[in-house]
Each structure stands twice: as structure tokens, then as C-alpha cells.
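S.K.: The following comprises the amino acid sequence and a computationally predicted model.
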Amino acid sequence: MSKTKHIHLIGICGTAMASLSGMLQERGFRVTGSDAASYPPMSTFLESLGISVAQPFAEANLDPRPDLVIVGNALSRGNVELERILDDRIPFCSLPQILHDEFLVEKDVLVVAGTHGKTTTTSMLAWIFETAGLQPSFLIGGIAENFGRSFGLGEGKHFILEGDEYDTAFFDKGPKFLHYFPDSVILTSVEFDHADIYKDLDAVETAFKRLVNLVPRRGRIIGFDPGASADASIDRCLKKAFCRVERYGVSDRANWRIVSLKLSEDRTSWSVLRDGKLWADFEFPLGGEYNVWNATAAAALAVSYDISKEVIAQALKTFRSVKRRLEVKAEVNGITIIDDFAHHPTAIEQTIHALRSRYPQSRLWVVLEPRSNTMRRNVLQDALARSLALADQVVIAAIFKSEAIPEAERLDLHRVVGEIQKRGKQARIFADADAIVNAIAPELRERDVVAILSNGGFGGIYEKLPQRLRALGVKV
């Protein structure tokens, strides 16, 4: 890297890629990037860094020739920039490779992994270390509101990062997190996801087992305890550990046991028993039991780095969440519009439960865009219907780029709607964001809560729905 001056990132608008671009810029490299499309929050984040995004992909984006190209994991053969890189033998590598080589060497690496809760837990852990004055470096798969960004290069010895089980690059199909060689790990959950790269749950478990197997004997793993009646996937993964393993959760066997949980409209509080004895009381402004799990995991790992429970409590009390996680986007005419990243049935269920505790008197609408590679498939179809039926009104957009999914594997929206209706809830399908806005805006009334669930831009619905509601005026 000593001779590298200009780095170009293909697929720069991905959350991790955008964050990496900022880190490289802070290290003194000249950074350019390109993508097919750009949307908030990462588009505004890159703009704030002064990094321009060339759109769409084009060979000309590689002029002048960069010293190194970082290839995003969403890129595949046939991409015009990737083809030029290969033809002209321009040096390239993956995000995890440069992250390890340039930033993780000689750091104490703390990785947060799991099917759910990675981004929020990583943000909490980084904020705890920051509150403790340890000046950590961090890389998060979202904008952490306490920091106002998704990365930081601190002067301390710790690097805290979100460990993604998704594949690394077109030339490296292994999980990203296997490149990070962690000293400590938080493992939040293990469920089937990423149906485009994992054949089944066994394949997912194999990936997490390999991560667990990388932690040195001197390290530590904080793993969720789902209880005796839950699926044993995480238990099977943790058996591969050679280091100390501590469990957190609500069951009697958890080393860090959550008790006295109170979910109210404006705050959440709970206590933690450590090995059966009262250890600490915590509270924060976030909603949702799953956020209590995340916070307890972060607290448990922080203790092993000699951070006091008093500092942890102060950090959690002042924690401000992550963009696109139960984020209130607008309040118009008494109607609350919320943006959430949930795109897995388990996450959707947890999100709806959190909203119920936060808005107990409200009619809850869920507007879903089936966009992720798993959500667009029928593999979790029945679970999706069950989770959506927890809302009062369900609105589903047409499947994002449905033609990319073989028909036999594709999510059957009509079946999902039928299953929801069998449970006594209203559910409808619309072609796109514009059709959804036109249909539901006149039906919304004061005190309604609309949760928009997508892992993408969703046709600008986050701006279009508030605009339409303002135009319609007050409804009671």
C-alpha cells in the first residue's frame, strides 16, 4: 500500500464500501467510486465526505487509471468496470482484504456477528468504548447516530466491527468475517438467511462455526442463549470454540441473565444478573426486547475489557440508535412514519413487537418491500406471513427485480396475503411506492403508525408519503 495513492471503489454506495471509502480518505488516499444508483443515507454520507459517486458503471470511471480497485461483493462478471480491470490487469482486491491489511493489523479486534442485531450491537459496543475514553476504531453497517457516521479511526488499540456472513467478492465466496481474525466475538443469533449464497441452515452454521473456530484461546465469545426450547443452531456453533464462552439471555443458564424488563412508551429498563447475582441496572430510550439483548451482549463483552458497569450504564443511557432502525422519518397530522431495515421474518416480528410497546394505542401499518435476496424467495414465506400478521394493516410492494429469481423459488405474494387474511388482518399488494402512497395516504388517520420495511431506497416512499399526507391535511 505504500505506493498506492488513488483507490477506486466499485459499488461504493454499499454501507460497508462507503464506510471504507471514508476510512481510506482519512488515511490520505485519493478516493473515487462508482455505483449503479445512490440513495440515502449512504449517498448523503459520501457527499458529506466530499467523495463523488460516478453513475452508472462505465469504463470511463477508471480514467485516469487507479492504483488499486476495491471490488464490492455485489459485483459480478459482466460489469463493465470489472471487465476492464481484468483486461487491463489493474490491481484489485476485496473490502475485507484491504480492511484487514490496512486497518486491523496490530489492533485488538472485536467482531459482532449473527443473523440479527449486528449493526445496533456494534454501535452500542463502540459507544461504550468511546464513553470509557478508549478511543476505539470502528466500522458499522449503518450510520450510528452517536457518532454521526459509520466508521471511526481512533487512537486506541481496539477495532470494533460488524462481521458480515455474506460472501466477500466474486473471486472469494467465503464470508467476509473470516478475514478479520477476531480476538473477541459477540454472536447474536444463527438463522437461515442469504438464500442466494447459502443452500440451507447447515451451510449457514458452517460459516459461523468457522468464525468461532478462529477466536484464540485467550479470547472470549459472548453468545446469545435462546433457551432450552429454542433452535440449537447457535449452540452447535459455539461448541467449536477454544476460548471462554459466556451466554446472555433470559434463561436460567445464561451467565448474563436479563430480568425485570420494563418496556414503556419512552424508555426501556432492565436488570442483569451475572452468574445468578444482581450485577447492574440499565435503561435507555430505545424500544424492543431485542435491543435489550443487544445491549446486554455489548455490556458483557465490555466488562472483559475492564470497563466498569457505571460507564456502561452511562453509555447505554445516552445511546441514540442507528439510522434506519426504528427511525422516525416524519410525523404528519398525528401520523408517525418509521423507517426500519427489517428484511427477515424474525426481524420483522421483533420490530412489530417493539412498535407495539412504543405505540400501544396506535393502529399499526406495515409497508414491506421484498427486496433482499432471501425475502424475494419463498424459502421463509410462511414465517413471513406469520410475522406480518402481527400488524393491523399490511401493504406489500411488488417483488424487487422479481425476474432475477427463478419462478419456482420466487416469493408468492398472493399466498402471503392469503395467509395474513386467514389471521383476520387486511393485506394488499401494490405495484410500487407511488401506488402504495396513493392508496394508503387517504386511509391514514391521526395516531396511526406506518412502519416502512426495506433494505433499499423503496422508490422514495420515505419522502413521498409525508408529502402526500401534508397535501391531504389533517384526518381524524
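M.R.: Perfect, thanks for sending it.
S.K.: From here on, just use CA atoms for contacts and neighbour counts.
M.R.: Fine.
S.K.: any chance you could map the strands in the stretch 51-200 of the chain?
M.R.: All strands of the stretch 51-200 of the chain, identified by DSSP state E, counting those that start in this stretch, fall at 53-54, 68-71, 92-94, 108-113, 137-144, 149-152, 158-162, 167-169, 172-175, 184-187.
S.K.: Out of those, which is closest to residue 351?
M.R.: Closest to residue 351 of the strands of the stretch 51-200 of the chain is strand 137-144 (Cα to Cα; 17.1 Å).
S.K.: If you count contacts, what does that closest one end up packed against?
M.R.: helix 15-26, helix 118-131, strand 149-152, strand 158-162 (3 or more Cα pairs under 8 Å, 6 or more residues apart in numbering; DSSP states H and E).
S.K.: now do 10 Å
M.R.: helix 15-26, helix 42-49, strand 108-113, helix 118-131, strand 149-152, strand 158-162 (3 or more Cα pairs under 10 Å, 6 or more residues apart in numbering; DSSP states H and E).
S.K.: the inter-axis angle of the longest one versus strand 158-162?
M.R.: What it means is helix 118-131. Going by axes from the mean of the first three to the mean of the last three Cα atoms, to 10 degrees, helix 118-131 is angled at 160 degrees with respect to strand 158-162.
S.K.: how about helix 118-131: buried residues?
M.R.: Of the residues in helix 118-131, 118-131 count as buried by neighbour count, 16 or more other Cα atoms under 10 Å.
S.K.: For this protein, which helix or strand comes out least confident on mean pLDDT?
M.R.: helix 42-49 (a mean of 83; mean pLDDT, DSSP states H and E).
S.K.: May I see the buried residues of the helix or strand in which residue 316 is found?
M.R.: Assigned by DSSP states H and E, residue 316 falls within helix 309-317. For helix 309-317, burial by neighbour count (16+ other Cα under 10 Å) applies to 309, 311-317.
S.K.: ok, so of these, who is nearest residue 402?
M.R.: Of all the buried residues of helix 309-317, residue 402 sits closest to residue 316, with 40.8 Å by Cα to Cα.
S.K.: so how many other residues sit close to the nearest residue to the closest one once chain neighbours are set aside?
M.R.: With Cα to Cα, 6 or more residues apart in numbering as the criterion, residue 316 has its nearest non-adjacent residue at 5.8 Å, and that residue is residue 284. Residues within reach of residue 284, counting by other Cα atoms under 10 Å, total 22.
S.K.: And for residue 382?
M.R.: 16.
S.K.: Let's verify it: helix, strand, or coil?
M.R.: Look at residue 382: counting by DSSP: H, G, I helix; E, B strand; the rest coil, its state is helix.
S.K.: What separation is there between it and residue 418?
M.R.: 11 Å (Cα to Cα, to the nearest Å).
S.K.: isn't residue 35 right up against residue 71?
M.R.: No: here residue 35 lies out of contact with residue 71, judged by Cα atoms under 10 Å, at a distance of 11.0 Å.
S.K.: Name the residue in the two with the higher neighbour count.
M.R.: residue 71 (25 against 19).
S.K.: and residue 348, what is it in contact with?
M.R.: Going by Cα atoms under 10 Å, 6 or more residues apart in numbering, residue 348 touches 340-342, 354, 366, 368, 384, 386-388, 390, 453.
S.K.: Count the neighbours of residue 401 for me.
M.R.: So residue 401, with other Cα under 10 Å, has 10 neighbours.
S.K.: pLDDT wise, what is it at?
M.R.: Residue 401 is assigned 89 on the pLDDT scale.
S.K.: try the one 5 residues further on
M.R.: pLDDT recorded at residue 406 is 90.
S.K.: Spell out which residues sit in contact with it, please.
M.R.: Applying Cα under 10 Å, 6+ apart, one finds that residue 406 lies in contact with residue 377.
S.K.: can you give me the helices in the stretch 301-450 of the chain?
M.R.: With helices called from DSSP state H, counting those that start in this stretch, the stretch 301-450 of the chain shows them at 309-317, 345-358, 381-388, 413-422, 433-440.
S.K.: quick one, the second one and helix 381-388 angle?
M.R.: Read it as helix 345-358. Using the same axes, to 10 degrees: helix 345-358 against helix 381-388 is 10 degrees.
S.K.: What is the burial count for the residue nearest to residue 108 when sequence neighbours are not counted?
M.R.: Spatial nearest neighbour of residue 108, excluding adjacent residues (Cα to Cα, 6+ apart): residue 158 at 4.7 Å. Counted with other Cα under 10 Å, residues neighbouring residue 158 total 23.
S.K.: you'd agree residue 158 is up against residue 139?
M.R.: No: the criterion here is Cα under 10 Å, and residue 158 misses it with residue 139 at 11.4 Å.
S.K.: close enough to count as contact, residue 448 and residue 334?
M.R.: Yes: here residue 448 reaches residue 334: they are 7.4 Å apart, a contact under Cα under 10 Å.
S.K.: the more surrounded of those two?
M.R.: Just comparing residue 448 and residue 334: by other Cα under 10 Å the higher neighbour count belongs to residue 448, 19 against 16.
S.K.: what's near enough to touch the more buried one?
M.R.: Applying Cα under 10 Å, 6+ apart, we find residue 448 in contact with 333-337, 359, 361-365.
S.K.: give the contact list for the most centrally placed residue in the chain.
M.R.: The centre of the chain sits closest to residue 119, judged by Cα atoms, centre = their mean, with a distance of 4.6 Å. Counting by Cα under 10 Å, 6+ apart, residue 119 touches 112-113, 139-144, 150, 161-164, 294, 321-323, 325.
S.K.: ok, 6 Å please
M.R.: 140-141 (Cα atoms under 6 Å, 6 or more residues apart in numbering).
S.K.: So it versus residue 279, what's the distance?
M.R.: 26 Å.
S.K.: can you count the residues close to residue 94?
M.R.: Other residues close to residue 94 by other Cα under 10 Å number 20.
S.K.: Revised request: answer the last question for residue 433.
M.R.: 21.
S.K.: what's near enough to touch it?
M.R.: Residue 433 touches 459, 461, counting by Cα under 6 Å, 6+ apart.
S.K.: among the contacts of residue 348, which ones are buried?
M.R.: Buried members of the contacts of residue 348, counted by 16+ other Cα under 10 Å: 340-342, 354, 366, 368, 384, 386-388, 390, 453.
S.K.: List the contacts of the closest residue in space to residue 173 that isn't next to it in sequence.
M.R.: Excluding the flanking residues, the one nearest residue 173 by Cα to Cα, 6+ apart is residue 167, at 4.9 Å. Applying Cα under 6 Å, 6+ apart to residue 167 gives the contacts 173-176.
S.K.: measure residue 93 to residue 197 for me?
M.R.: For residue 93 relative to residue 197 (Cα to Cα), the value is 20 Å.
S.K.: How about residue 453?
M.R.: Distance from residue 453 to residue 197, by Cα to Cα: 23 Å.
S.K.: and residue 462, which of the helices and strands packed on strand 137-144 is closest to it?
M.R.: Among those, helix 42-49 sits nearest to residue 462 (Cα to Cα), with 14.9 Å.
S.K.: Convert the C-alpha atoms of the closest one to CSV, please.
M.R.: Taking Å, rounded to 0.1, in the frame of the first residue of the first chain, the C-alpha atoms of helix 42-49 are listed here in CSV:
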residue,chain,number,x,y,z
MET,A,42,-25.1,6.5,2.2
SER,A,43,-25.4,9.0,-0.7
THR,A,44,-25.6,11.9,1.7
PHE,A,45,-22.9,10.4,3.8
LEU,A,46,-20.5,10.2,0.9
GLU,A,47,-21.5,13.7,-0.1
SER,A,48,-20.6,14.9,3.4
LEU,A,49,-17.1,13.4,2.9
